[in-house]
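A.B. asks: Task: produce atomic coordinates for the following.
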Amino acid sequence: PGFPVNVTRLQLAGHIDLAPTMADAAGVTPALTVDGIPLQPLAASPTEGTGRSLLLEAGPKTVDGPWFYRGVRTNQWAYIDYDTEAFVELYNMTSDPDQLQNLAYLPAYSDQRATMASLLSELRDCEGVTCQ
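C.D. replies: Residues are numbered from 1 along each chain as shown. This is a model prediction of the structure:
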């Protein structure tokens, strides 16, 4: 329920949105605080949630082990920070959706890199409403 047939939307969505989406479809309120959002409003409107940022994470293999990477994705940018390797990636997802040209070390993108690093810092330990 709540998803139009044969319609594609371009807003960002992640796995964190699955539980709130299913809860909304079932007409229930989760007993625990959830990090994501129900996707029904995004499906209903192509302009809903267009300014959203998503946290990206991979790892660790062991409890309290190092992360492979953490990053953040917006509609236009993808930023990935490899914590253990002191290496970052920055991609313009509008002009380079296949992420072929890493812009992170080009001087012309230093401000954008700093902006995305700051956004990652904000989202890195988010919970509940701050992760939506």
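
A.B. asks: where's the nearest residue to A43 once chain neighbours are set aside, which helix or strand?
C.D. replies: Closest residue in space to A43, ignoring its immediate chain neighbours: F3 at 4.6 Å, by C-beta to C-beta, 6 or more residues apart in numbering. The way it works is simple: take the backbone N, C-alpha and C, and place the C-beta from them, glycine included. Under DSSP states H and E, no helix or strand contains F3.

A.B. asks: from now on call the first residue 3
C.D. replies: Shifting the count to begin at 3 puts that one at F5.

A.B. asks: Could you pull up the contacting residues of F5?
C.D. replies: Listed by C-beta atoms under 8 Å, 6 or more residues apart in numbering, the contact partners of F5 are 41-42, 45.

A.B. asks: Over to G73?
C.D. replies: 57-59, 80-83, 91, 122.

A.B. asks: same thing with D26?
C.D. replies: D26 neighbours (C-beta under 8 Å, 6+ apart): 4, 40, 42.

A.B. asks: Need those residues in a markdown table (columns: pLDDT).
C.D. replies: Listed next are those as a markdown table, based on pLDDT from 0 to 100:
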| residue | pLDDT |
| --- | --- |
| G4 | 76 |
| P40 | 91 |
| Q42 | 92 |
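
A.B. asks: So which of those residues is surrounded by the most neighbours?
C.D. replies: P40 (19 neighbours; other C-beta atoms under 10 Å).

A.B. asks: now that one, nearest residue through space, not along the chain?
C.D. replies: D26 (3.6 Å).

A.B. asks: Is it possible to get a markdown table of the contacts of F5 that adds distance to R126?
C.D. replies: As requested, these are exported to a markdown table (distance: C-beta to C-beta, whole Å):
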| residue | distance to R126 |
| --- | --- |
| L41 | 24 |
| Q42 | 28 |
| A45 | 28 |
